[in-house]
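A.B. asks: What shape does this take:
(one chain, ligands or ions: 1)
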Amino acid sequence: MYRDPVESLEPLHHRHAAIRTLRVGMIGIGTVGSGTFRVLARNRADIAARAGRSIELVMVAARNLERAAGIVGDSVALTSDAMQVATHPDVDVVVEVAGGTGPARDWVLAAIAHGKHVVTANKALLAVHGAEIFAAAREKGVIVAYEGAVAVSIPIIKALREGLAANRIEWVAGIINGTTNFILSKMRDEGLDFAAALAQAQALGYAEADPSFDIEGIDAAHKLTLLAANAFGMPLRFADAQVEGITALQGVDVACAEQLGYRIKLLGVARRQAAGVELRVQPVLVPATHLMAQVNGSMNAVMVKSDAAGLTMYYGAGAGSEQTASAVIADLVDVARLDGVHAAQHVPHLGVHAYATNALAVLPRAAVHTSHYLRVPVRAVNQIQAVAASLAEQKVPVRQVALAAERPGTGPQVLVLTGPVEQGTLDLAVHALQARAEVAGAVTTLRVESLEG
Ligand code: HSE
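C.D. replies: Below is the predicted model of the structure:
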C-alpha cells in the first residue's frame, strides 16, 4: 500500500499554514542592532524561505528613543524599558545586542524565565555568566544562540558544533579580535602609532565600548572561552584563561620577528594536553609564510585541528555592523527552525553537554608548552654564544641564534628561537640569563606558534 501523493501532501500544507511568524524583540539598537534591522528588512524574503517562516522584528528597547525611531521608523514598537522586551507576551525570541554583563544578565535571565529563546552577540556576558544562563535555559527548554559572539561573520560555532561534530578536536587557534588585528596591521603597514590606529578602529565601530577589553586581550579571551567550551565540551573557564594584550608589545619586537621570518599576531589558543587544556591569549610569532600571518586589518581567522577532518581554517570579518548581524540572523533562523522541536534536539547548551562530565581543567601558565622568541640586549656582539650556552645549560632547546639588525639608539641584541619547552623551564632559564654580566637589559620573550598539524 502507498498513499496518494495528493492525500499525503494535504496535511503537510495545513501544517505549513499553521506555522506563524517568529516575533523578535531586540534589546539595543547600536552598531549590531541597527545592522540586524537593516539586513532583516533587506533580505526578508530569502531569510523567510530559509527559515521556513517569516521573522519579524516587533519590538526594540533603546536608551535613546528618538535615535531608535530614526533607524526603525514606525514599523516597530519602541520602549526604553529593556525588561518589557524581555518579558512581553508578543515576543518569541529576545535578541540581546546591548552588551555589558550587568543589566544584560538580568534581561537574558528574565527572557529565559518567561520561556523565550535568546540570541545574543554578547561574548562577555556568556564567558562570565554563561554557566548560569545555559543552566536556566536548559531548565526552561529554550535556546540560547550566540554565533555573533565569536569572530562575527565566520560561522565558527556552527562549524565546531555541526560541521566537525564527528571529530575529537585537538586545538583551536585564531585571530579573534578585529580591533587589535587592525591596530597591528596599521602599525606595521602604514607606520601608524598605537593611539592613532586605535582611534581609527573606534571610529569604524570595531572596538568595544571600553576599548581596553580589546587591547588587553579580554575580548579575545571571552571568545576563546566560548570556542574551548564548544570544542572540548569543557565548562566556561574564562577566569582561568591567561590573558595578555598588545599594550606591552614593542615595535622593536615586531621588526625583529620580521627579521627572523615571522609576524606578530594576537592569537587565542585552546589546546588539549594530556593533563588539561591550554587556554591563552597573547601576542605570538607566526611564520610569515603561514596563512594566519596574511590575516590583516579587522579580519579574523580560526584554525581547528581535529582528528578526522585534520586541519581546517575559517576566515572572515571579525567586527562590524552587518557582519555581526549576519550571525545574529543565522541564529534567528536556527531558532525559527528549532522552536517547538523537543529540547533534546536543540542546540546544546555550553558547559552542560553530556560529555562535559569529565570537566577539563585549564593548565597553569608554567605547564604551557610552546617554542619561544627571546630578545636579549647584550654588552657586545661577541656575546651571542654566551647567551645560547646559558639557555642550553638551563635545558632550553636553542634552535636559532642571530644578532638583531642594528637600530639607532640601541645596543647589540641577541635574538633566539627555542624549540618547544615548558613555560616553567623557560622562566627559570630567563631568570638565570638575566643575572649574567653580558646581559645589558630586560630580556623579552614571546611565544612562537607553528600552527601545524
Ligand atoms: N571589539 C570586537 C573586535 C568586536 O574588535 O573583535 C567584535 O566582537
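
A.B. asks: show me the contacts for the residue positioned nearest the centre of the chain.
C.D. replies: Centroid-nearest residue in the chain, with C-alpha atoms, centre = their mean: residue 223, separated by 3.1 Å. Neighbour list for residue 223: 123, 127, 149, 150, 151, 176, 177, 268 [criterion: C-beta atoms under 8 Å, 6 or more residues apart in numbering]. (C-beta placed from N, C-alpha, C; glycine too.)

A.B. asks: Make CSV from these and add pLDDT to it.
C.D. replies: Formatted as CSV, these follow (pLDDT from 0 to 100):
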residue, pLDDT
123, 97
127, 96
149, 97
150, 97
151, 96
176, 98
177, 97
268, 98
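
A.B. asks: Just the buried residues of these.
C.D. replies: 123, 127, 149, 150, 151, 176, 177, 268 (16 or more other C-beta atoms under 10 Å).

A.B. asks: near the ligand, which of those show up?
C.D. replies: Among the buried ones among the contacts of residue 223, the ones lying near the ligand by C-beta under 6 Å from any ligand atom are residue 177.

A.B. asks: quick one on the thing from earlier: make TSV out of the contacts of residue 223 and add secondary structure.
C.D. replies: Listed next are the contacts of residue 223 as TSV, based on DSSP: H, G, I helix; E, B strand; the rest coil:
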residue	secondary structure
123	helix
127	helix
149	helix
150	coil
151	coil
176	coil
177	coil
268	strand
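
A.B. asks: ok, these vs the ligand, which is closest?
C.D. replies: residue 177 (4.2 Å; C-beta to the nearest ligand atom).

A.B. asks: can you count the residues close to residue 287?
C.D. replies: Residue 287 is flanked by 17 other residues according to other C-beta atoms under 10 Å.

A.B. asks: For the residue nearest to it when sequence neighbours are not counted, what are phi and psi?
C.D. replies: Leaving aside its chain neighbours, residue 287 sits nearest to residue 262 (6.0 Å; criterion: C-beta to C-beta, 6 or more residues apart in numbering). Backbone torsions of residue 262, given as degrees, to the nearest 10, read phi -130, psi 170.

A.B. asks: Single out the residue in the stretch 251-400 of the chain that lies closest to the ligand.
C.D. replies: Residue nearest to the ligand within the stretch 251-400 of the chain: residue 319 (3.9 Å; C-beta to the nearest ligand atom).

A.B. asks: What residues does that residue make contact with?
C.D. replies: Residue 319 neighbours (C-beta under 8 Å, 6+ apart): 152, 178, 179, 205, 206, 298, 300.

A.B. asks: these two touch, right, the third one and residue 200?
C.D. replies: No - with contacts counted by C-beta atoms under 8 Å, residue 179 stays clear of residue 200, the gap being 9.8 Å.

A.B. asks: Pull the residues that contact stretch 106-121.
C.D. replies: Contacts for stretch 106-121 (C-beta under 8 Å, 6+ apart): 25, 27, 32, 82-83, 85-87, 91-98, 104, 125-126, 132-133, 136-137, 140, 142-146, 148-149, 152, 324, 327-328, 331-332, 335, 339.

A.B. asks: Which PyMOL command selects the buried ones in the residues you listed?
C.D. replies: This is how PyMOL selects the buried members of the contacts of stretch 106-121, with burial counted by 16+ other C-beta under 10 Å:
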select buried, resi 25+27+32+82+85+86+87+91+92+93+94+95+96+97+98+104+125+126+133+136+137+140+142+143+144+145+146+148+149+152+324+327+328+331+332+335+339
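
A.B. asks: how close does residue 282 get to residue 325?
C.D. replies: Per C-beta to C-beta, to the nearest Å, residue 282 is found 30 Å from residue 325.

A.B. asks: more crowded one of these two?
C.D. replies: residue 325 (26 against 23).

A.B. asks: do you know how far residue 89 is from residue 78?
C.D. replies: Applying C-beta to C-beta to residue 89 and residue 78 gives a distance of 18 Å.

A.B. asks: Equivalent analysis for residue 170, please.
C.D. replies: For residue 170, the distance to residue 78 (C-beta to C-beta) stands at 48 Å.

A.B. asks: In what element of secondary structure is the residue of the stretch 251-400 of the chain closest to the ligand found?
C.D. replies: According to DSSP states H and E, residue 319 maps onto no helix or strand at all.

A.B. asks: what are the phi and psi angles of it?
C.D. replies: phi -160, psi 160.

A.B. asks: Contacts only, for the residue lying closest to it once chain neighbours are set aside.
C.D. replies: Excluding its sequence neighbours, the residue lying closest to residue 319 (C-beta to C-beta, 6+ apart) is residue 178, at 3.3 Å. Contacts for residue 178 (C-beta under 8 Å, 6+ apart) come out as 152, 201, 206, 297, 298, 299, 300, 317, 318, 319, 320.

A.B. asks: Restricted to strands, list those.
C.D. replies: Applying DSSP state E to the contacts of residue 178, the entries found in strands are 299, 300, 317.

A.B. asks: so what's residue 326 scoring on pLDDT?
C.D. replies: Residue 326 is assigned a predicted lDDT (pLDDT) of 98.

A.B. asks: Ok, residue 409 next?
C.D. replies: If you check residue 409, the pLDDT there is 86.

A.B. asks: and the two most separated of the buried ones among the contacts of residue 223?
C.D. replies: Farthest-apart pair in these is 127 and 151; separation 14.1 Å (C-beta to C-beta).

A.B. asks: could the ones in strands among the contacts of residue 178 go into a markdown table alongside pLDDT, distance to the ligand and neighbour count?
C.D. replies: Listed next are the ones in strands among the contacts of residue 178 as a markdown table, based on pLDDT from 0 to 100; distance: C-beta to the nearest ligand atom, whole Å; neighbours: other C-beta atoms under 10 Å:
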| residue | pLDDT | distance to the ligand | neighbour count |
| --- | --- | --- | --- |
| 299 | 97 | 10 | 20 |
| 300 | 98 | 7 | 26 |
| 317 | 96 | 9 | 19 |
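
A.B. asks: So which of these is the closest to residue 231?
C.D. replies: Nearest member of those to residue 231, counting by C-beta to C-beta, is residue 300, at 16.2 Å.

A.B. asks: which SS class is residue 60?
C.D. replies: Residue 60 ends up strand, using three-state DSSP.

A.B. asks: Tell me how far it lies from residue 88.
C.D. replies: From residue 60 to residue 88 the distance is 11 Å (C-beta to C-beta).

A.B. asks: Ok, residue 280 next?
C.D. replies: 42 Å.

A.B. asks: Quick check: the gap between residue 380 and residue 443.
C.D. replies: 16 Å.

A.B. asks: how is this structure carved up into domains?
C.D. replies: 10-152+323-357, 156-318, 365-448 (automatic domain parsing).

A.B. asks: on that earlier part again, between residue 380 and residue 443, which one's more packed in?
C.D. replies: residue 443 (17 against 11).

A.B. asks: Would you check that that one makes contact with residue 429?
C.D. replies: No - between residue 443 and residue 429 there is no contact under C-beta under 8 Å: 9.7 Å.

A.B. asks: Show me which residues of the stretch 201-350 of the chain sit near the ligand.
C.D. replies: Counting by C-beta under 6 Å from any ligand atom, the stretch 201-350 of the chain sits next to the ligand at 206, 207, 208, 214, 219, 318, 319.
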